[in-house]
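A.B. asks: sequence-free structure coming up:
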């Protein structure tokens, strides 16, 4: 399949994860900032610790994805985020493909990713 113009399921999955993880990092940063309002609450430090652990676990995963993309000759050309969702234009082994996720699916995928990460942190 390596010389094929047809993208493999793994290619699509890699692009999806590579697109979603930076969004998750942005969400975590925003949420940690918003939590500052609750600094004097007892759970504040526990929540902040958990969010930082999730954040720290994303970076190695992003690096793993980048390395895999290099191996499979996958490159993101352009990512556009708008009110409807996300559109990614990318190249797989020389052929251009497109990937679109509606906003509601992005949210659902991010929640699934967070739940999966939670299992690895405990």
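C.D. replies: Looks like it came in fine. All of these numbers come straight from a predicted model, not from anything done at the bench.
A.B. asks: gap between the helix or strand harbouring residue 91 and the chain center?
C.D. replies: For residue 91, the host element (DSSP states H and E) is strand 85-92. For strand 85-92, the separation from the chain centroid amounts to 13 Å (computed by CA atoms, centre = their mean, to the nearest Å).
A.B. asks: Flag every buried residue along it.
C.D. replies: Across strand 85-92, burial judged by 16 or more other CB atoms under 10 Å covers 86, 88, 90, 92. For the C-beta atoms, the positions are set from N, CA and C on the backbone; glycine is no exception.
A.B. asks: cool, and stretch 100-120?
C.D. replies: Those would be 101, 106, 109, 113, 117, for stretch 100-120 by 16+ other CB under 10 Å.
A.B. asks: hang on, residue 54 packs against residue 31?
C.D. replies: No - counting by CB atoms under 8 Å, residue 54 stays clear of residue 31, with 10.1 Å between them.
A.B. asks: Show me what the strand holding residue 91 is packed up against.
C.D. replies: helix 9-34, strand 74-81, strand 95-102, helix 103-121 (3 or more CB pairs under 8 Å, 6 or more residues apart in numbering; DSSP states H and E).
A.B. asks: Identify whichever of these lies nearest to residue 65.
C.D. replies: Nearest of the helices and strands packed on strand 85-92 to residue 65, taken as CB to CB: helix 9-34 at 4.8 Å.
A.B. asks: any idea of the mean pLDDT in the closest one?
C.D. replies: Helix 9-34 shows an average pLDDT of 94 in the prediction.
A.B. asks: chain center to that helix, what's the gap?
C.D. replies: The answer for helix 9-34 is 2 Å, by CA atoms, centre = their mean.
A.B. asks: That one to strand 95-102, inter-axis angle?
C.D. replies: Between helix 9-34 and strand 95-102, the angle formed by their directions is 40 degrees, by axes from the mean of the first three to the mean of the last three CA atoms, to 10 degrees.
A.B. asks: Okay, buried residues for the helix or strand following helix 9-34 please.
C.D. replies: Going down the chain from helix 9-34, the next helix or strand is helix 44-72, by DSSP H and E. If you call a residue buried by 16+ other CB under 10 Å, then helix 44-72 has these buried ones: 48, 51, 54-55, 58, 61, 65, 69, 72.
A.B. asks: Great, nothing more from me.
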